[in-house]
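S.K.: have a look at this prediction, sequence included:
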Amino acid sequence: MHILVTGGAGYVGSVTVERLLEAGHQVTVLDDLSTGHAESVVEGATLVEGSFGDREAVAGLLRSAGIDAVLHCAAKSLVGESMVEPAIYYRHNVAGGVALLDAMRDAGVGRIVFSSTAAVYGVPEATPIPEDAVLRPINPYGESKRTFEGAMAWYGAAYGIRSVSLRYFNVAGASEVNGERHDPETHLIPNVLAAMGKARPLTLFGDDYPTPDGTPIRDYIHVLDLADAHLAALEATAPGDLRTDRALVCNLGSGGGFSVREVLAAAHRVTGTPVPHTVGPRREGDPAILVASIERAADVLGWRPRRSTLEEMIGSAWTWTARRTRDG
C-alpha cells in the first residue's frame, strides 16, 4: 500500500511511519509542522508540509502520489486548551477532518484509519470500558473526536469509505528513533522522567481515591504496540474485507491499568532514581479508574499488546531521552 499519514511528524505518527516502512509499505507524511518535527520523519518516507484540512490540496496529493489508504493521526489534543478555545478544536478536528474525507472522495480513496481517543467515553459507568459504552465526552477535545468518528461512519454508509477508529488513553514509550516531546507536556510518564534531578517535584493530584494505593489508575499503551495496531487496522480496510463493511471501532490498551504511584515506583526501578513528588488536591472530574477493554481488537484485528509492562514503556522512553540529551 501507499499510505498517507497525517500528523506523521508527531510522536505517534512518526513511530507508526517507521512500522509501516518496516512492513514494506510506501509512506507519504502530511504535516503542517506546528507541533511535529521534520527530523522525526525517517528516511524512506516523503514529507509534504501542509494541512489535512485543505480539501483541494489534499485531493491533489492523494491523486498525484497514488495513495491507497489514509492514517489520520493529526489533531489538536490538549484537553485544557479545548475547554478555553473550543472553536479551535471544532475547526481543526471536525471541520478539517470532514475536509479530509471529502478530499478522499474527490480522489477516489476509500480507506481510512483514525487515531481516536478513549476520551470519547467521558466518565464511564463501569470499567473495563467496552466499545458499546455510551459516549459522553466531558471536554471539547473528546467531543471533536466523537463527532469525527460519527462522520466517518456516515461517510461509510453513504459513500463506501471503509474506516477503523482506534480509541486509547495514554501512549508511552519510544522507538529507537522517535519518542515523546510535546510542548507543553501534559502526560505523566515524560513528566515523571523530567522531574528527576530537577528542583521542582512532580505533583500527584490526589492520593485518597478508592484504589489500592489511593492514586488514580489509568490505562497505557506502548507507542510501538499502537503502531502495530495502526498497521493491522489499515489491513482491515481492504476492499471486500468483511471487518470494515461497517465502520469498525476498537479500543486499545495494555489489558490492565496502573496507578500513579505504580508509575513512580517503576520509574525508580528503571532509572535507579526516586521521583521527587508532592501530593496536591484532586483535579475536578478525574475518575478513580479508567481502563479500556481490548478484547475486540484481539478478536477482530488479531492485535494484542506485546510491550505492556511499565518497565518496557518507561525504559524505552528513558533510553530515548538519555540518547537525545547526549547527542544534543
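M.R.: That came through fine.
S.K.: name the SS class of residue 145, please.
M.R.: helix (DSSP: H, G, I helix; E, B strand; the rest coil).
S.K.: how about the contacts made by it?
M.R.: 75, 93, 116, 117, 119, 120, 137 (Cβ atoms under 8 Å, 6 or more residues apart in numbering). For every residue, glycine as well, the C-beta is placed using N, CA and C.
S.K.: and it, what pLDDT?
M.R.: Here, the pLDDT recorded for residue 145 equals 98.
S.K.: I'd like to know how far it sits from residue 118.
M.R.: 9 Å (Cβ to Cβ, to the nearest Å).
S.K.: low-scoring stretches of the stretch 101-250 of the chain, by residue?
M.R.: Residues of the stretch 101-250 of the chain that meet the criterion pLDDT under 70 lie in 197, 199.
S.K.: re earlier: okay if I get the contacts of residue 145 as TSV plus secondary structure, distance to residue 128 and neighbour count?
M.R.: As requested, the contacts of residue 145 are exported to TSV (DSSP: H, G, I helix; E, B strand; the rest coil; distance: Cβ to Cβ, whole Å; neighbours: other Cβ atoms under 10 Å):
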residue	secondary structure	distance to residue 128	neighbour count
75	coil	24	24
93	helix	26	23
116	coil	17	24
117	coil	16	22
119	helix	16	23
120	helix	15	24
137	coil	18	20
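S.K.: tell me which element residue 308 falls in.
M.R.: For residue 308, there is no enclosing helix or strand under DSSP states H and E.
S.K.: contacting residues around it?
M.R.: 221, 222, 225, 254, 255, 256.
S.K.: for the fourth one, which non-adjacent residue is spatially closest?
M.R.: Pointing back at residue 254 there. residue 308 (4.0 Å; Cβ to Cβ, 6 or more residues apart in numbering).
S.K.: repeat for the third one
M.R.: Counting by Cβ to Cβ, 6+ apart, the nearest residue to residue 225 once its immediate chain neighbours are dropped is residue 305, at 4.4 Å.
S.K.: helices of the chain, start to end?
M.R.: Along the chain, counting by DSSP state H, helices occupy 11-22, 55-65, 79-84, 86-89, 96-107, 140-159, 188-195, 223-236, 260-271, 295-296, 310-327.
S.K.: on that earlier part again, which of the contacts of residue 145 lies closest to residue 99?
M.R.: residue 93 (11.3 Å; Cβ to Cβ).
S.K.: do I have it right that that closest one meets residue 78?
M.R.: No: the criterion here is Cβ atoms under 8 Å, and residue 93 misses it with residue 78 at 11.5 Å.
S.K.: overlap in contacts of these two?
M.R.: residue 141.
S.K.: which of the residues in stretch 66-75 are buried?
M.R.: Residues of stretch 66-75 classed as buried by neighbour count (16 or more other Cβ atoms under 10 Å): 67, 68, 69, 70, 71, 72, 73, 74, 75.
S.K.: who's the fifth one bridged to?
M.R.: Meaning residue 71. Beta bridges link residue 71 to residue 5, residue 113, judged by DSSP bridges.
S.K.: residues touching it, list them.
M.R.: Residue 71 neighbours (Cβ under 8 Å, 6+ apart): 3-6, 8, 13, 16, 20, 112-113, 115, 230, 234.
S.K.: OK, contacts around residue 312?
M.R.: Contacts of residue 312 by Cβ under 8 Å, 6+ apart are 173, 222.
S.K.: and if you look at residue 307?
M.R.: Contacts of residue 307 by Cβ under 8 Å, 6+ apart are 173, 222, 224, 225, 313, 316.
S.K.: wait, the last one sits on residue 222?
M.R.: Read that as residue 316. Yes: the pair residue 316 and residue 222 qualifies as a contact (Cβ under 8 Å) at a distance of 7.4 Å.
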